[in-house]
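J.: Fold the following, please.
(one chain, ligands or ions: 1)
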Amino acid sequence: MSLINENFLELQDSYLFSTIAKKVAKFTEENPNKKVIRLGIGDVTKPIVPACLEAMHKAVDEVGTQSGFRGYGPEQGYEFLRKAIVENDYKSRGIEITEDEVFVSDGAKCDCGNIVDIFAKENKVAITDPVYPVYLDTNVMSGRSGKYNKEKETYENIVYLPVMAENDFKPELPKEKVDMIYLCFPNNPTGTVLTKEELKKWVDYAKENQSIILYDAAYEAFITESHIPHSIYEVEGAKEVAIEFKSYSKTAGFTGIRCGYVVIPKEVKGFTKGREEVSYNKLWNRRTCTKFNGVSYITQRAAEATYSEEGKKQIQENINSYLENAKIIKQGLEEVGFTTYGGVNSPYVWLQIPKGMTSWEFFDKLLEEVNVVGTPGSGFGPHGEGYFRLTAFGTKENTIEAMKRIKKLKN
Ligand code: PLP
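T.: Reported below is the predicted structural model:
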């Protein structure tokens, strides 16, 4: 008789995007003449830039020749890409990271999810609330949560750090000792950021408590303000306590191509039960070699091309146009009296919905009255209630039209 991993039974079904899809499908079926504008899901819409396409075409031709054929590559990523990452994403910001501290992957979702493999089940986990759901669910699957409390909508063993208008979307340090801390900035879903000084508090906490920060910087490319750090390693001491996740998905439109990377500095250490220090880099390398066979050569050449002069320019143009959409959304909402957050260093605008309405009620109102789709904040955690997420990843035309419509919302 095979026994199942019962941790999976603790998972709560996430109805968020499937419920949205069902509601939108029903509405369009009943209202075939109404054009619905989708500003809900966080997928990009702009095509891959020419520099990356050229690199991929070239790589395709190469692997079709005897001398250029590539079979299994290094599990951790090709040297050319790891080198480009070190030079462009770290050295250029004055951060010393070595190539063997970088592990190329098929995206940040897998990395954020798989990283739990190298941590003991006994570790206490802290997440912000609302949150990108992968951090929580992967810890539930691997047995680090207790029972789910339906009333509170939280798990017993997880420490929730509320981020809301009342604390300016800056999570407070946990009152109890935690071992693994997930931080994501620029944040999904709130679109807010932390300064270096604010992040330093977390690095100091982690050092003091021998905890590890799991820092998701998937939206780093959207940072516009010069004082906001693009990497946690810009903060002094972070190399001893932080693991950083990066992704080409939102930066370069690779949501379908799939490529990202994780950085684990060799100084980042954990402990055995006998208090012996072990490098997480070594453990992750072992895991990677055992469970992963690398990202395709063609994809890695495309990722490398994001760092070429042309690539950088073309990608920046796309990011700028998403950021312009974010501005249109933010200004449009504020003109009609909504309070908004994010949208300056992020493709996400987080808005406070009218008092007395749940975020799902606001979703229905927006869909039915003005045919615009967004994401209810409560889908990201209990402290997301009262808020709503709109994304800047649509076309400019649709974004402008959506804002025109929202201005017509009835009170
Ligand atoms: N991290 C955050 C915070 C995200 O919002 C997303 C995707 O929406 C990801 C990671 C996933 O990135 P990837 O496409 O590289 O798997």
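
J.: Could you use CA atoms for every contact and neighbour count after this?
T.: Fine.

J.: any residues touching stretch 161-181, and which ones?
T.: 123-130, 159, 190, 192, 194, 202, 205-206, 209-214, 383-384 (C-alpha atoms under 8 Å, 6 or more residues apart in numbering).

J.: Of those residues, grab the buried ones for ChimeraX.
T.: Selection of the buried residues among those in ChimeraX, burial being defined by 16 or more other C-alpha atoms under 10 Å:
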select :123,124,125,126,127,128,129,130,159,190,192,194,202,205,206,210,211,212,213,214,383,384
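
J.: now, which of the contacts of stretch 161-181 lie within helices?
T.: Judged by DSSP state H, those include 202, 205-206, 209 as members of helices.

J.: Can you add pLDDT and distance to the ligand and give those back as JSON lines?
T.: Below are the ones in helices among the contacts of stretch 161-181 laid out as JSON lines (pLDDT from 0 to 100; distance: C-alpha to the nearest ligand atom, whole Å):
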{"residue": "W202", "pLDDT": "98", "distance to the ligand": "18"}
{"residue": "Y205", "pLDDT": "98", "distance to the ligand": "22"}
{"residue": "A206", "pLDDT": "98", "distance to the ligand": "21"}
{"residue": "N209", "pLDDT": "97", "distance to the ligand": "25"}
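
J.: Can you tell me the element the residue in the stretch 251-400 of the chain positioned nearest to the ligand falls in?
T.: Residue nearest to the ligand within the stretch 251-400 of the chain (C-alpha to the nearest ligand atom): T255, separated by 4.9 Å. Using DSSP states H and E, T255 maps to neither a helix nor a strand.

J.: I figured it hits T45, correct?
T.: No: using C-alpha atoms under 8 Å, T255 is not in contact with T45, being 9.7 Å away.

J.: circling back to that earlier point, please tell me how far the closest residue to the residue of the stretch 251-400 of the chain closest to the ligand other than its chain neighbours sits from M164.
T.: Using C-alpha to C-alpha, 6 or more residues apart in numbering and skipping the chain neighbours, the partner closest in space to T255 is S249 (4.4 Å). Noted for S249: a distance of 27 Å to M164, by C-alpha to C-alpha, to the nearest Å.

J.: go on, L390?
T.: Where M164 is concerned, L390 sits at a distance of 16 Å (C-alpha to C-alpha).

J.: same question for the longest helix anywhere in the chain, mean pLDDT?
T.: Using DSSP H, we find that the single longest helix of the chain is helix 309-335. Helix 309-335 shows a mean pLDDT of 97.

J.: which parts of that helix are buried?
T.: 311, 314-316, 318-333.

J.: Next: stretch 366-386.
T.: Neighbour counts using 16+ other C-alpha under 10 Å place 366-368, 370-386 of stretch 366-386 among the buried residues.

J.: now do stretch 293-311
T.: 294-307, 311.

J.: In helices, which of those fall?
T.: Reading helices off these with DSSP H, I get 297-305, 311.

J.: will you turn those residues into TSV that also has distance to V63?
T.: Shown next, in TSV, are these (distance: C-alpha to C-alpha, whole Å):
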residue	distance to V63
Y297	9
I298	9
T299	12
Q300	13
R301	12
A302	14
A303	17
E304	17
A305	17
G311	22
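
J.: ok, back up a step: next secondary structure element downstream of the longest helix of the chain?
T.: According to DSSP H and E, the helix or strand after helix 309-335 is strand 340-342.

J.: elements contacting that following strand?
T.: Secondary structure elements in contact with strand 340-342, counted by 3 or more C-alpha pairs under 8 Å, 6 or more residues apart in numbering; DSSP states H and E, are helix 309-335, strand 348-352.

J.: per-domain residue ranges of this structure.
T.: 6-47+310-406, 53-308 (automatic domain parsing).

J.: start to end distance for stretch 384-403?
T.: Rule used - C-alpha to C-alpha; the end-to-end distance of stretch 384-403 is 22 Å.

J.: starting at the chain centroid, how far to it?
T.: Put simply, stretch 384-403 sits 18 Å off its chain's centre (C-alpha atoms, centre = their mean, to the nearest Å).

J.: again with stretch 357-374
T.: For stretch 357-374, the distance to the chain centre is 25 Å (C-alpha atoms, centre = their mean).

J.: does the closest residue in space to I329 that isn't next to it in sequence count as helix, strand or coil?
T.: In space, I329 comes closest to M403 once its chain neighbours are excluded; the distance is 6.4 Å by C-alpha to C-alpha, 6+ apart. Under DSSP: H, G, I helix; E, B strand; the rest coil, M403 falls in the helix class.

J.: do D364 as well
T.: Following three-state DSSP, D364 is assigned to helix.

J.: re the thing from before, among the ones in helices among the contacts of stretch 161-181, which two are most distant?
T.: W202 and N209 (10.4 Å; C-alpha to C-alpha).

J.: can you list the residues of the stretch 51-200 of the chain near the ligand?
T.: 107-109, 132, 188 (C-alpha under 6 Å from any ligand atom).
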